[in-house]
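> Make a model of this:
(chains A and B)
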Amino acid sequence: MTRDGVPLSVRLSQRGLDGVTLLALPAVLFVLALFVYPFLYGLVVSFQPKAGDVFANYATFFGDPFLYSTIGKTLWLAIPVTLLNVALSVPVALRVRLMRRQRLLTTILVIPITLGTVLVAQGMLNYLGPRGWLNRFLLEFGLSSNPVRLIHNYWGVFLSLVVTGFPFTFLLTLSYVTGIDPSLEQAGAMLGARARQRFNEILLPLLVPGLIITFCLSFVQAFSVFPSAVLLGAPAGDTRVISIAAYTAAFEDYDYSMASAIAMIMAFTQVVIVAALLGLQSLVYRGPAGGGKG
Amino acid sequence: MRAGKSAITRPLGERLWATAVWAIVGFFVLNLLALIATVVVSSFGTRWLGTWLPAGYTTRWYASAWEEFQLPDVLLTTLEVVGAVVALSGLLGVPAAYAMARREFPGKSAVMLLFLLPLLVPPITFGIPLATVLYRVGAAGDITGVILANLVPTVPFVILIMVPFIQQIDPRVEAAARVFGAGTFRMFVHVLLPLLAPGILAALLLVLVRTIAMFELTFLTSGPTSQTLVVALYYAVFAAGVRAGQSIDAMAVIYMVTTLIWLLIALRFVNPTQIVTRGKRAAG
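Below you'll find the model as predicted:
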């Protein structure tokens, strides 16, 4: 219409493209260069194996039980841990939201997230080891006749994922729980609903979408467990998780093509599970959880 | 009849439930603190075999850790990496956040997704292809590669924290500055920067804490001379048995103190939940 007489810069700025928009450009280029490009590069490289045809890496992975079993082992760790963390987080978050001094608890819980898995692993090697405080306590009070073996096996990694994963899951859940307008629950209470009914009928339906997101984020973290699986687990046995397989291929065998293939399989597995869960989310209520407050 | 019965049982049931919940929290926190305490006690202990506490106390493990693990070099590298990551993620992230907060443009949601992905995909998943690319172009193995890799999640992190923060600043303040003749640069320095300072400070402190503790990306891209504290700690724990356990614990305590000091400073400016929820609160 009036297109012809109007300079290009004006037309662009009408669509929201001007000098200010260009400020986003460096960050966009950065993420494209160092996140998107490496991913696509890895995908391409994974189809250029050292030997064999295009799919040789994938054929090797799914043909070798030592390699393909890592998917199952990782899931066998990640899914129970995430379920436990989410299941514990919900009642605790519902309780903590009523507290006035939440900050002390949230501060304590943020410590293991901040310290990271390597430090937690070193602490657990001391604490849960055969001569650690926990086993000492169990033996001293006759709760067990022999030291309980909690490190260098499945349970070591499991517990470390609880120590770092539970605070993460809890803080996410807490942010969803505090987003629910308390007057909704009060209305239920006034109409005679008991605590259990209020939870089942009011809180849970409002929480489910948030819990699914929480589950996804926690699952993805647990699925990519690496340092604690090496330090606290049995990296050649029960806890040979998929990230160990990818790391070994890249930095011990120097087969970047194979390592990329494993990284792609890892990403694909995560995407499949997250997509399945998000698909589930579309089946449940997704309306606002508060009276006009986003 | 029923009402009378429930009036008695309900508070009891709820009270039992509340006790159970607090017991779980207490158990978790107790074990967590014991886990940390065990490292601290061990790092100061002389000989600790089969007793509740060590036979005596000493600080010599710190001296030996300082020597054995080349901690001066490691701390210097950590400082350089963290400093560069904080500065660069601020420089790249804040302007981008400003654009994302103030402009509607075609493809904006795609750009937002682009910024979300590096935070949602775990570091080890994208770290391996990223390290491959960095090794190919010759950037990995030294400090450049470590800094570049660490920036991948921190730049989007700064953007996601800053966008809601910028949105809540009234655009009329900027318009007023323009009316009075301020150019973009002067408006930015004299008007926006003071208003944004608390948000930038919070975002950068969180980046700092995250970068000190970022294991995977540093681990995958660092060489022998570019290890940060957390990676050096990993190698020490991994090769445990070669050196005395207590000097590893001493190093762990040095790492812990470094991280926790910054965490405490950060927590003066941010809510603990923000470390996990990425500024969601600031929008509410």
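
> Mind naming the longest helix for the chain?
With no chain named, the answer covers chain A. helix A:65-96 (DSSP state H).

> Oops, wrong one, chain B.
helix B:2-44.

> And it, how far out from the chain middle?
28 Å (C-alpha atoms, centre = their mean, to the nearest Å).

> could you give the angle of it to helix A:65-96?
120 degrees (axes from the mean of the first three to the mean of the last three C-alpha atoms, to 10 degrees).

> so what's whichever residue of the stretch 1-150 of chain A sits closest to chain B up against?
With C-beta to the nearest C-beta as the measure, A:G42 is the residue of the stretch 1-150 of chain A nearest to chain B, at 3.0 Å. C-betas here are computed from N, CA, C, even on glycine. Contacts for A:G42 (C-beta atoms under 8 Å, 6 or more residues apart in numbering or on different chains) come out as A:260, A:263-264, B:128-129, B:132-133.

> Is the longest helix of chain B positioned near chain A?
Yes - applying C-beta under 8 Å from any C-beta of the partner chain, one finds helix B:2-44 touching chain A at B:6, B:10, B:13-14, B:17-18, B:21-22, B:24-25, B:28-29, B:31-36, B:38-39, B:42.

> picking up where we left off before, pull the most distant pair out of the contacts of A:G42.
Based on C-beta to C-beta, the longest span within the contacts of A:G42 runs between A:M264 and B:V133 and measures 14.3 Å.

> Excluding residues flanking it in the chain, which one is nearest the residue of the stretch 1-150 of chain A closest to chain B?
Spatial nearest neighbour of A:G42, excluding adjacent residues (C-beta to C-beta, 6 or more residues apart in numbering or on different chains): B:P129 at 3.0 Å.

> neighbours around that neighbour, how many?
29 (other C-beta atoms under 10 Å in any protein chain shown).

> ditto for B:L267
So B:L267, with other C-beta under 10 Å, has 19 neighbours.

> show me where the stretch 1-150 of chain B has helices.
Counting by DSSP state H, counting those that start in this stretch, the stretch 1-150 of chain B has these helices, from start to end: B:2-44, B:60-68, B:71-102, B:108-120, B:123-136, B:143-167.

> how about CSV for those helices, with mean pLDDT added?
Formatted as CSV, the helices of the stretch 1-150 of chain B follow (pLDDT from 0 to 100):
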stretch, mean pLDDT
helix B:2-44, 81
helix B:60-68, 89
helix B:71-102, 94
helix B:108-120, 91
helix B:123-136, 92
helix B:143-167, 93
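
> Compare the ones you listed and give me the one nearest B:L233.
Across those, closest to B:L233 is helix B:71-102 (C-beta to C-beta), at 9.0 Å.

> ok, the residue in the stretch 101-250 of chain B that chain A sits nearest to to A:L34 distance?
For the stretch 101-250 of chain B and chain A, the shortest gap (C-beta to the nearest C-beta) falls at B:P129, measuring 3.0 Å. To A:L34, B:P129 is 10 Å away according to C-beta to C-beta, to the nearest Å.

> Ends of stretch B:63-81, what's the gap?
Stretch B:63-81 stretches 25 Å from its first residue to its last (C-alpha to C-alpha, to the nearest Å).

> what's in contact with that stretch?
B:143, B:146-147, B:150, B:211-212, B:218, B:225-229, B:232, B:236, B:243-244, B:247-248, B:250-251, B:254, B:258.

> thinking again about what came up before, can I assume the residue of the stretch 101-250 of chain B closest to chain A is in contact with A:I262?
No - look at B:P129 against A:I262 with C-beta atoms under 8 Å: they stay out of range, at 10.6 Å.

> What parts of the stretch 151-294 of chain A come near chain B?
Selection of the stretch 151-294 of chain A residues close to chain B by C-beta under 8 Å from any C-beta yields A:163, A:166, A:168, A:171-172, A:174-175, A:179, A:194-195, A:217, A:220-221, A:223-224, A:226-227, A:230-231, A:243, A:246-247, A:250-251, A:256, A:259-260, A:262-263, A:266-267, A:270, A:293-294.

> so where's chain A uncertain?
Applying pLDDT under 70 to chain A flags the ranges A:1-4, A:285-294.

> Same question for the stretch 151-284 of chain B.
In the stretch 151-284 of chain B (pLDDT under 70), the answer is B:277-284.

> Kindly recompute the last result at 90.
For the stretch 151-284 of chain B, the stretches with pLDDT under 90 are B:161, B:164-165, B:167-195, B:198-199, B:202, B:223-225, B:239-247, B:264, B:266-284.

> show me the contacts for the residue most central in space within chain B.
The C-alpha lying nearest the average C-alpha coordinate of chain B belongs to B:R210 (C-alpha atoms, centre = their mean; 1.9 Å). B:R210 sits next to B:153-154, B:157 when contact means C-beta under 8 Å, 6+ apart.

> Kindly report the same for B:V25.
Neighbours of B:V25 in contact, by C-beta under 8 Å, 6+ apart: A:92, A:95-96, A:105.

> coming back round to it: how about the very next helix or strand once past the longest helix of chain A: buried residues?
Reading on from helix A:65-96 to the C-terminus, the next helix or strand found by DSSP states H and E is helix A:102-127. For helix A:102-127, the neighbour count (16 or more other C-beta atoms under 10 Å in any protein chain shown) marks A:102, A:105-106, A:108-127 as buried.

> rewinding a little: report the contact partners of the residue of the stretch 101-250 of chain B closest to chain A.
Contacts of B:P129 (C-beta under 8 Å, 6+ apart): A:38-39, A:41-42, A:45, A:260, A:263.

> Fine by me, thanks again.
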